[in-house]
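In: Give the three-dimensional model of this entry:
(one chain, ligands or ions: 1)
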Amino acid sequence: MNKSNFLFADAPDTACFTCCHVLDKNKPILYVSHDEDGYWQFLCGKNHNDEDARIISLAEILNIDETMNDLAELDYGEYAEAENEKSDWIVRYKNK
Ligand SMILES: [Zn+2]
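Out: As a prediction, this is how the structure comes out:
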């Protein structure tokens, strides 16, 4: 991956959360969260158990889906949801 294609302020090797559906089953990423503690989550949008969680790097997420760069500016406490792969992202603040 070209370095100029990495738009996140965090380092490419920053650990982030994804789920087994995205990583192992090629499901689209439909839920992206930038948690208030700084963690990124890139999930398929379904419900998850702890066993479904996978930890990979931001660079690996972009290898899976380069369009995640569109969400690199999500602020702490914001998350984005999409209904399907083709619909627009809707950004919201998390309720406290
Ligand atoms: Zn999932």
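In: rest of the way, CA atoms for contacts and neighbours
Out: Will do.
In: Tell me how far residue 72 lies from residue 48.
Out: Distance of residue 72 to residue 48, computed by Cα to Cα, to the nearest Å: 23 Å.
In: again, but for residue 79
Out: To residue 48, residue 79 is 16 Å away according to Cα to Cα.
In: And the two? Which one has more around it.
Out: residue 79 (22 against 13; other Cα atoms under 10 Å).
In: Which of the three states applies to that one?
Out: Of the three states, residue 79 takes strand under DSSP: H, G, I helix; E, B strand; the rest coil.
In: element containing the spatially most central residue of the chain?
Out: For the chain, the residue sitting closest to the mean C-alpha position, by Cα atoms, centre = their mean, is residue 42 at 2.6 Å. Using DSSP states H and E, the element containing residue 42 is strand 40-43.
In: Relative to the whole chain's centre, how far out is stretch 64-72?
Out: 8 Å (Cα atoms, centre = their mean, to the nearest Å).
In: no wait, stretch 24-44
Out: 3 Å.
In: Can you get me the start-to-end distance on that stretch?
Out: Distance across stretch 24-44, first residue to last, is 11 Å (Cα to Cα).
In: Phi and psi next, for residue 15.
Out: Main-chain dihedrals, residue 15, degrees, to the nearest 10: phi -70, psi 140.
In: And for it, the neighbour number?
Out: Going by other Cα under 10 Å, the residues that sit close to residue 15 add up to 19.
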